[in-house]
Structures are given as C-alpha cells and as structure tokens.
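J.: structure, please.
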Amino acid sequence: MHLWLMLVLTFTTGINDAVGYLGLDKVFTGNMTGNVVVLGMALAGGSGLPVLGPALALVGFMAGAAVGGRTLRYAGPAWSPRTTALFASVAVVMLALAAVLFAAGDEPARPVQVTVTTLAALAMGVQAAAARHVAVKDVTTVVVTSTITGLAADSPFGSGKGGGTIRRFAAVALILVGAGIGVLLLKVHLGWALLLAGVVIAAATALGAWHERAHRGGAEARAGGRAV
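T.: Next up, the predicted model:
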C-alpha cells in the first residue's frame, strides 16, 4: 500500500513542476536539482532566467523538509497520525494555492507567482520529508534521478541484478504522465492543475490514514487474542 501511495504522490509532483516551470516563471517546486541548475545559470548571466523564484523555492523546500523532519523526529511506524497530518497539510496548501491562482486570473502578477511557487515548494519539502520517513525504496515522490540510476544500473545492460524494475519504472512513468497532464491543464487554467494535485494528494492521504488505522487495529486484535 505504501508503495502505491508514494507512486501517486510522485504523479502529483509532475503536475506541480509543470505548473511551476511552464506556468510560473521557470521555477521547479519539487525538483530542487532543477532549481539549483537554473539558479546557477541565471547567476552566470543566463538570458531571461529567474533568480528570485528558484532561490525562494529552495529556501521554502528546505524549510518544509525541516518542518517534516522535526514533526516526525519521534514518530514510530512508517505511517502514523503525524505522517497523515503532514501529507494532509500538503493537500491543503495545494488546494489553497489553486484558489489563489483562480482568483488571480489568467496571468497572475509577479508577486503572486513567486508566492505560489515558494509555498508550493515548502509543501513539497514537507511531502519529501514525510515520504523519506515512510521509506519506500527508490520512490522519494519528488525526484527520479536516483530511480533512473538504479533502473539502468541493475538492468541486463548493467549489473544484471534486477529487482525493483517495475517499481522504478512506475515512478518514472508517473512523474512523466503527471507533467504531461499538468501541461494539458495549463492550457485551460493554472488553477486546475494545482486543484487536481491537491485532490489526489488528499485522496492518497485519506487512504493511507485508513490503511494505517486498519493495520493498527488488526495488530491490536491479534495481540489481544494472543494475550487471551
């Protein structure tokens, strides 16, 4: 279940990055490697590349990851009520940002764009920290570089070890599909893409919380039966 939920969140990252890069001045909200590269090129004089947006997105992402790490510092199981709260907060932020974009019209002002990308990056930092705690191998939900590395390195053309191929391929495919859907929704309105991301994250969070309660209830019932 955790694998599928993290794959779903990976899909939403593709949507968010499509919105940030194509719709909001070339800023990635999930892929911080991309922001570092864009920022480096901009500082070196890259024509037309933004500095403020990627810089604030980096700060926001780190702040979100720090909040996530602090919240889960003493959390026990991979998915706990604290994990649910963090993922739920990400969904709330996405839905709120969608409302902001709808209110801002077809062409949001520069301050609105920077605010949206910074807060979206903060939310993605929270999601990344929570996903790191859930610890599904090869699925960080925000980047797939290491996933692609493992996919190629363990393939028959690499070490031939295999293992995890389907999981890795699914992560790459879903972030790709998410980015494509994000682009299609951008043609209608920026807000629709973040709205979809928020709804999907909320649904994944609710399913994860239900699964966690059911699993915990089953474990308690088994423990009670053994005690009797």
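J.: packing partners for the helix or strand of the chain with the lowest mean pLDDT?
T.: Every helix and strand of the chain was ranked by mean pLDDT, DSSP states H and E. The lowest is helix 190-227, at a mean of 83. Under the contact definition 3 or more Cβ pairs under 8 Å, 6 or more residues apart in numbering; DSSP states H and E, helix 190-227 sits against helix 2-18, helix 81-104, helix 165-186. The way it works is simple: take the backbone N, C-alpha and C, and place the C-beta from them, glycine included.
J.: burial count for residue 152?
T.: Using other Cβ atoms under 10 Å, residue 152 has 12 other residues around it.
J.: that one contacts residue 158, correct?
T.: Yes. Contact criterion Cβ atoms under 8 Å: residue 152 and residue 158 qualify, at 5.8 Å.
J.: need the overlap of contacts for those two.
T.: Residues touching both residue 152 and residue 158 by Cβ atoms under 8 Å, 6 or more residues apart in numbering: none at all.
J.: tell me where the model's unsure across the protein.
T.: Within the chain, the segments meeting pLDDT under 70 span 217-228.
J.: and the helices and strands packed on helix 190-227 as TSV, adding mean neighbour count and distance to residue 139?
T.: Below are the helices and strands packed on helix 190-227 laid out as TSV (neighbours: other Cβ atoms under 10 Å; distance: least, Cβ to Cβ, whole Å):
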stretch	mean neighbour count	distance to residue 139
helix 2-18	24	4
helix 81-104	20	14
helix 165-186	18	5
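J.: helix, strand, or coil at residue 77?
T.: coil (DSSP: H, G, I helix; E, B strand; the rest coil).
J.: and the gap between it and residue 213?
T.: Distance of residue 77 to residue 213, computed by Cβ to Cβ, to the nearest Å: 12 Å.
J.: one more: residue 176?
T.: 33 Å.
J.: for residue 71, same thing?
T.: Where residue 213 is concerned, residue 71 sits at a distance of 19 Å (Cβ to Cβ).
J.: do residue 48 as well
T.: 50 Å.
J.: okay, the two: which has more neighbours?
T.: residue 213 (13 against 7).
J.: tell me who's in contact with that one.
T.: No residues are in contact with residue 213 under the rule Cβ under 8 Å, 6+ apart.
J.: if anything else comes up later, I'll come back, but that's it for now.
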